[in-house]
Every structure is written in structure tokens, then in C-alpha cells.
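> compute the structure for the input listed below.
(chains A, B, C and D)
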Protein chains: 2
Amino acid sequence: MTPKKSPRPTMEDVAHLAGVSRALVSIAYRGATGVSDETRALILAAGEELGYTPNRVAARLAGGGGDTVGVFLQDLHNDLFAEFYDGIRAVTEAAGKELVLAVGGADGGHDLAALQTLRRSRVDVIIAGGLRLSDERARRIAARVPLVCVFRAVPDVDSVFSDDRLGAEQAARHLLELGHRRIAFIANPPDEGYLGRREGYLAEMERAGLAARIVEGEYSRATSAVIAARLLDDPEPPTAVFAHNDQAALGVLDTLAARGLRAGRDLSVIGYDNSSASRFPGTALSTVAVDGEALGRSAAELALRRIDGGVAEGVGPAAAAMWLDSPPALVVRATTGPPA
Amino acid sequence: MTPKKSPRPTMEDVAHLAGVSRALVSIAYRGATGVSDETRALILAAGEELGYTPNRVAARLAGGGGDTVGVFLQDLHNDLFAEFYDGIRAVTEAAGKELVLAVGGADGGHDLAALQTLRRSRVDVIIAGGLRLSDERARRIAARVPLVCVFRAVPDVDSVFSDDRLGAEQAARHLLELGHRRIAFIANPPDEGYLGRREGYLAEMERAGLAARIVEGEYSRATSAVIAARLLDDPEPPTAVFAHNDQAALGVLDTLAARGLRAGRDLSVIGYDNSSASRFPGTALSTVAVDGEALGRSAAELALRRIDGGVAEGVGPAAAAMWLDSPPALVVRATTGPPA
DNA sequence: TTGTATGCGTTATCAT
DNA sequence: ATGATAACGCATACAA
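Residues are numbered from 1 along each chain as shown, chains lettered A, B, ... in the order given. Okay, the predicted model is just below:
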């Protein structure tokens, strides 16, 4: 009278009920070849009856792997990464790969831990969007697991990115052509990569024979708001501000609103990313558009090639691919105008 | 002269190098008790030297489990779910649990597949934010794996939610008090739960002796824009629109903008969620605030109790907990005003 | 086509 | 504190 142990049905149970061997059940559930359609239907029916769900954990341990891609997302609050994820999913889903996600924290402090998590879960490749780690650290990670850095170029590491420097030049030039001369740049932490935007700004200012004015900031809206206030209180305040990304630009807009000032008239503001927030009619932030979804798709394709074989199989970081994808596009909206 | 196979270092390798047994290595890496601090340091050093990373897949197969929580997120494009995730992470991280994520698609069609993925990966409990499945389906899933539904009350299933009905009543009343009489409600698909908002609207309209006007919509901004256009072209157009959520309300705003109409003057619009999009100064959408992060925290606590034991351990859906959390709060901004 | 053994890297249960 | 040994659930040769 020992009651049958019922924890969770396994392949064994399904095989038993269907009157076949475990191997057959395995094949049937994977859609692999080696079973007659009839027996497969029979097996699936048996599984259904038992409420069986394949155990992916066991499958990953046993199988060779090669069907799991890890994705790192810098920030769920930033719409750009949602688009990025959409792009990745579109191609990985079509290829029948499973996605494992890891999300960064507000600051870059958690990025490394997130990558570790991905590594522990034995993903076959990692696509990292918006990694805030030094190039050196990124390289060290790439040495242990195939890594594709996105939105950012890391030398010697597979990277898919937009030409930030070019985009920044366009933004700066736009401000310059409007007649601005005192243009400040709110930068990101310099030790976390993403230097292209800063460089573009610098280059364009130099070309115009103007003094550059870089203020180190972060990615957050709040921090940027504080910086903007300081800038405005300066004895010789800038007439235009170019922010490293939209989030930061939004922070500038916040202080402007708080002081009853109007963006585009009292101070020109331009961001970078063309995040959904910048697109709202009421916000109408001038910015530089980055196609997050396209970058996601390209990154996923690169990642798949790394694990599925193909052209780049086996090659290490030595043959890192650098994909300059989807050129940035200046988007002029309402927050930029001629100096007051 | 057979070269040592180098694929990936395992515990065995670490144990070998450290001159101890595998079991010790296991204990050392888990921080469990049973090793002297000295040997542990020695083991960790050996692991470091080999570039060893614990294999979580194997650990999950072997171990009893109980340390993995699955999270379903309806939509990465909606900021509300980012907050929700933050709340979950705050408590699960403190409890030392691993998170496994699954994301829904644009429509609810992928929700079931996402849940399946979570099930296959053998998470110990699932926290689902914004599930678009019928109550019945949700119940069937809950019968097979501990499930916590959030933002929504599913009878007989653990649920953590805000009082949508109350919030909707507040929104409707706000419109009523402003003097509106023809108030339309853009609803979500009726078979996907989330009926509280509709009910609140209905109740308040009835109380005022007014005719309700419900238009079935979806969650998307685009669909809602089309609906708004139709509403506006009606021979007797509403003077106010209450949308099921902010996304939908934004769609109404889009149509207004496209026609050169002004929200708050030509047509009052109110949404629901207080998503970040609604907060932008330029948008200033009146709405009802939901504390996504608080709901996430509560849901996580409930989930942990389910797996870690404690008060609710072992109890099935029969004793489902319904947490009415964080009361909704009316947020009046610029898109609502007296009728023209 | 179908069934059988072996191994995947850990954890857990025993002994010592 | 430490060291063997048995699961964990499945994939993958390989034999039938």
C-alpha cells in the first residue's frame, strides 16, 4: 500500500505509460527524427495526461548545449533596451534558442554580478547591451565565454554598435549651426566605455575653434538635473547643453521646468538615443536616433554564428567582429533653437 | 602525451588542485558549514586559478531546489513592469534567490509560452506581472506550480494587486465632478482579467445616473488612437475619455495632437498606472497611480513564503492569499478639465 | 524504428 | 572535518 510517489512526472513515467523507452520519449519531445508520427502522438498524449513538462535543467546538463543565449540588459527603465531585447528575441526565437536574462542595477556596480549569473547558468554566449565595465574587464570576460558587446565598441571583443562619434558630431554641429558658442556636454563616467559621443563633441568643438566644456555625470536623470542647475548658475552659463543620453537630457529639462525656463528658447537641449520618452509630443526632445532593435538583431545573428558554427566558429576574440550598424540620425524636435 | 582536456574546469578539477574532495569544494563554494576557513580559502584560491565557475545547471539538478523564482513580465516597454521588477529583486536578492525571467509579447499570445518556459526551467515559484490569460487558465497553471499573480486578482490563485475598482471610481468621479456627463471608457479585452477598472467606471456612472459607454480596446497605444478618432467623429462625442491604462490614454492624446485638439480643454483624458510616460511635464497625463515596486515586493515576499516554508507552506490554491496592496491614488495633471 | 548503457556536474547521505 | 557513493532527469552513442 505504498502510495505512488508523485513529485513530478519524468520521462520515465511518460515512457512507462506510453509503453516505450525513455529514449523515444526524449526524441518525441524534441521533435527530433527517429519516431513514427503515430508513436510520437501516442507519447505526447501520455505526457499530456501526466501533466509532464520536459526538464530543461536536466536537458542542459546532459546535452551538449549550444541552444542557450544569455542576454544582459543595462536598465529596464530605459526603453532603448526594450527595443534591443525585441530585436534579439526576433532572431533567437526563429532559431529555436532559449533566452536567459540578467538585468543590471541603477549603477554599473551590479553589471559584473549579472554577467557572473549568466556564466553560472552556462549560457553558450552572452549578448550584453549597455555594459558599464572597463574595456579590460570586458575582455577578460570574453576570454571565458563568447561575448557580444552592444551599443559599444570594445577592442578585441565582438561588438555591434552605432557610430556614436558621428552622431555626436551631428548633434554638436546642429547646435553650432543654430548659432550656439557656449555648448556644454554632460558626459558619462569615463571608465565605462561609451567614449564616442564625448569624442564627437570634442572634435566638433575643436573644429569650430570653441572651448569645450565637459561635465562628468552619470546616466541618471536626477544627477543630470543637479548638474544642469549648477551649469545655469554659472557666471557664464552655456546656451546649449548636449547630454550623453536622453535620460540625462530629460534631467536638464526637469531643472528648466522647475525654474520656469523653456527648452529651445532659454536653453537648447539635445540628448542621444531617441528613447520613447524623447518622442512624446509634450517633451519633443531633440536627439540622435539609435536603432536599438536593429542592433539587437545584428547582435543576435553574430551570437548565433558564434555558437552554431558558421563563418566565425571557434575563432576567439582575436578575430573579434566589429559591426558598425545602423548609422545614427539627428532628430530635431522642439528643445533646440537659436540662442536667446 | 594526451593533452589534458580543458573544456571547463569542474569541481573535480578544483578539488584535485586543492588536494581535497569534491564535497569539500561544494561546501566551500556554497558558503555552507563544514569547512575550516583556511581550507575554504585554499579551495577558493584553487578555483580562482583554474577560472572555475560553479555550474548552476548541475546544482539545480542535484539539489533540492527551492532557490529559484521565475518572473513573468508582460511588457518591457511599459515602465510599470520595470518598477515591478525592481521591487521583486530587492527582496529576492536579500533572500539569496536566483531570478529567471520571461517576457511576454506585444499581444497576450505569448504569455502562455513564456510561462511554459518558466516551468521547463523548473523554477520553484512564478511571479507573474500582467498576465493576459483567462482566470481559468491561470488557475490551471497554478495547480502545477506555485503562482503569484500581480496587478490582478485571480480567484483561488495567490494574487497581489491594487484596488483597481476603487481607483477607477476615483477617476470617474474626478471627471464627473469636473462636470462631464458623456464619459467614455476604453477597455481592455474582457477575457484577460483586469475587470476592476471597468467595474469601477460602471459603478460610478450608474451612481450618477449616467449612461455608460464602453469601447473594447487593447493595451496598445496605436489601437487606442484609432478608437479615439472614432469616438471623436461620433455625432454625440464624449467630452471625456477614461482609458484602461496610460498606454491607451497616450493613444488618445496622439489623436488629439494629430487633430490640433488640446487635451484638458477640447477633451479630457485620464489614464491608469502613472507610468513614467504619463509623468513627463509635456505630457502631464492625469491618471491613477499604482505602486508597481510595492506590489513587486509584496509578491516576492509571498512567493518566498510559498517556497521557504513559513505560514503558507504546502497550502495549495485552496488557501490562496489575496493581498490588497498599496491603495491607488488619483493623480490630476493637465489632461483633465471642465467640459468645453 | 526501438531499447540500453553511460555520463553530465552537483548535492546529499552516509560512513569514517 | 573529510571522503566515497548514490541520485537528479535527460541526451547520446550504440547495439538490437
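> quick one: mean pLDDT for stretch A:142-155?
In this model, stretch A:142-155 has a mean pLDDT of 94.
> dump that stretch to PDB, restricted to CA.
Coordinates of each C-alpha in stretch A:142-155 appear next as PDB, following Å, rounded to 0.1, in the frame of the first residue of the first chain:
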ATOM      1  CA  ALA A 142      35.200  37.500 -23.300                       C
ATOM      2  CA  ALA A 143      38.100  35.200 -22.800                       C
ATOM      3  CA  ARG A 144      36.000  32.800 -20.800                       C
ATOM      4  CA  VAL A 145      32.700  32.900 -22.700                       C
ATOM      5  CA  PRO A 146      31.700  34.200 -26.100                       C
ATOM      6  CA  LEU A 147      30.600  37.800 -25.600                       C
ATOM      7  CA  VAL A 148      29.000  40.300 -27.800                       C
ATOM      8  CA  CYS A 149      29.000  43.900 -26.600                       C
ATOM      9  CA  VAL A 150      26.300  46.100 -28.000                       C
ATOM     10  CA  PHE A 151      25.900  49.900 -28.200                       C
ATOM     11  CA  ARG A 152      29.600  50.000 -27.600                       C
ATOM     12  CA  ALA A 153      32.800  49.100 -29.200                       C
ATOM     13  CA  VAL A 154      35.300  47.100 -27.100                       C
ATOM     14  CA  PRO A 155      38.500  46.400 -28.900                       C
END
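> quick one: that stretch to chain centroid distance?
Remark: stretch A:142-155 is offset 12 Å from the chain centroid, using Cα atoms, centre = their mean, to the nearest Å.
> ok, that stretch near chain B or not?
Yes: contact of stretch A:142-155 with chain B (Cβ under 8 Å from any Cβ of the partner chain) involves A:Arg144. No exception for glycine: its C-beta is placed from N, CA and C like everyone else's.
> domain assignment for chain A?
The record's domain split for chain A, according to automatic domain parsing, is A:11-54, A:65-162+A:292-328, A:164-290.
> who touches A:Asp291 in this structure?
Counting by Cβ atoms under 8 Å, 6 or more residues apart in numbering or on different chains, A:Asp291 touches A:83, A:162, A:325-326.
> residue boundaries of the strands in the stretch 51-200 of chain A?
Along the stretch 51-200 of chain A, the segments classed as strands by DSSP state E, counting those that start in this stretch run A:68-73, A:98-103, A:125-129, A:147-150, A:158-161, A:183-187.
> find the centremost residue of chain A, please.
In chain A, the residue lying closest to the centroid (Cα atoms, centre = their mean) is A:Gly129, at 2.5 Å.
> if I look at A:Ala277, how far off is B:Phe72?
According to Cβ to Cβ, to the nearest Å, A:Ala277 stands 25 Å off from B:Phe72.
> oops, could you answer that again for A:Met11 instead?
Remark: distance between A:Met11 and B:Phe72 (Cβ to Cβ) = 26 Å.
> neighbour-wise, which of those two wins?
A count of neighbours by other Cβ atoms under 10 Å in any protein chain shown puts B:Phe72 above the other of A:Met11 and B:Phe72, at 25 against 22.
> can you pull the pLDDT of the more buried one?
98.
> can you name the residues that contact it?
B:Phe72 sits next to B:101-104, B:111, B:114-115, B:118, B:126-131 when contact means Cβ under 8 Å, 6+ apart.
> ok, those residues vs B:Leu267, which is closest?
For the contacts of B:Phe72, the minimum distance to B:Leu267 (Cβ to Cβ) is 27.7 Å, reached by B:Gly130.
> wait, doesn't that closest one sit right on B:Arg152?
Yes: with contacts counted by Cβ atoms under 8 Å, B:Gly130 reaches B:Arg152, the gap being 7.5 Å.
> so which residue of the stretch 151-300 of chain A comes closest to DNA strand C?
Nearest residue of the stretch 151-300 of chain A to DNA strand C: A:Asp158, at 24.4 Å (Cβ to the nearest atom of the strand).
> skipping its backbone neighbours, what lies nearest that residue in space?
With Cβ to Cβ, 6 or more residues apart in numbering or on different chains as the criterion, A:Asp158 has its nearest non-adjacent residue at 4.5 Å, and that residue is A:Val148.
> neighbours of the one you found, just the number please.
When neighbours are counted by other Cβ under 10 Å, A:Val148 comes out with 30.
> what does the one 3 residues further on give?
Number of residues near A:Phe151 (other Cβ under 10 Å) recorded here: 25.
> give the contact list for it.
By Cβ under 8 Å, 6+ apart, the contact set of A:Phe151 is A:84, A:129-130, A:161-162, A:194, A:290, A:292, A:295.
> A:Arg137 now?
A:Arg137 sits next to A:Leu112 when contact means Cβ under 8 Å, 6+ apart.
> can you give me the pLDDT of it?
Looking at A:Arg137, its pLDDT reads 95.
> the residue in chain A that chain B sits nearest to and DNA strand D: what is the separation?
Here the residue of chain A nearest chain B is A:Gly282; by Cβ to the nearest Cβ that distance is 2.1 Å. According to Cβ to the nearest atom of the strand, to the nearest Å, A:Gly282 and DNA strand D sit 52 Å apart.
> tell me the SS of that residue?
coil (DSSP: H, G, I helix; E, B strand; the rest coil).
> find me the pLDDT at it, would you?
76.
> sorry, back to before: turn the domains of chain A into CSV, including distance to B:Leu232.
Formatted as CSV, the domains of chain A follow (distance: least, Cβ to Cβ, whole Å):
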stretch, distance to B:Leu232
domain A:11-54, 49
domain A:65-162+A:292-328, 28
domain A:164-290, 17
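> closest one to B:Ser268 among those?
Nearest to B:Ser268 among the domains of chain A is domain A:164-290 (16.1 Å), distances taken as Cβ to Cβ.
> off-centre distance for the closest one?
That offset, for domain A:164-290, works out to 22 Å (Cα atoms, centre = their mean).
> who's in contact with stretch A:219-227?
With Cβ under 8 Å, 6+ apart as the test, stretch A:219-227 has contacts from A:75, A:106, A:186, A:188, A:215, A:217-218, A:243-245, A:247-252, A:254-255, A:258.
> cutoff 10 Å now
Stretch A:219-227 has contacts (Cβ atoms under 10 Å, 6 or more residues apart in numbering or on different chains) with A:74-75, A:77-78, A:106-108, A:130, A:132, A:184, A:186-189, A:192, A:194, A:215-218, A:241, A:243-258, A:271, A:277, B:276.
> helices of chain A, start to end?
For chain A, the helices defined by DSSP state H cover A:11-18, A:22-30, A:37-50, A:56-62, A:79-94, A:111-120, A:135-142, A:164-178, A:196-207, A:221-232, A:246-258, A:276-279, A:292-308.
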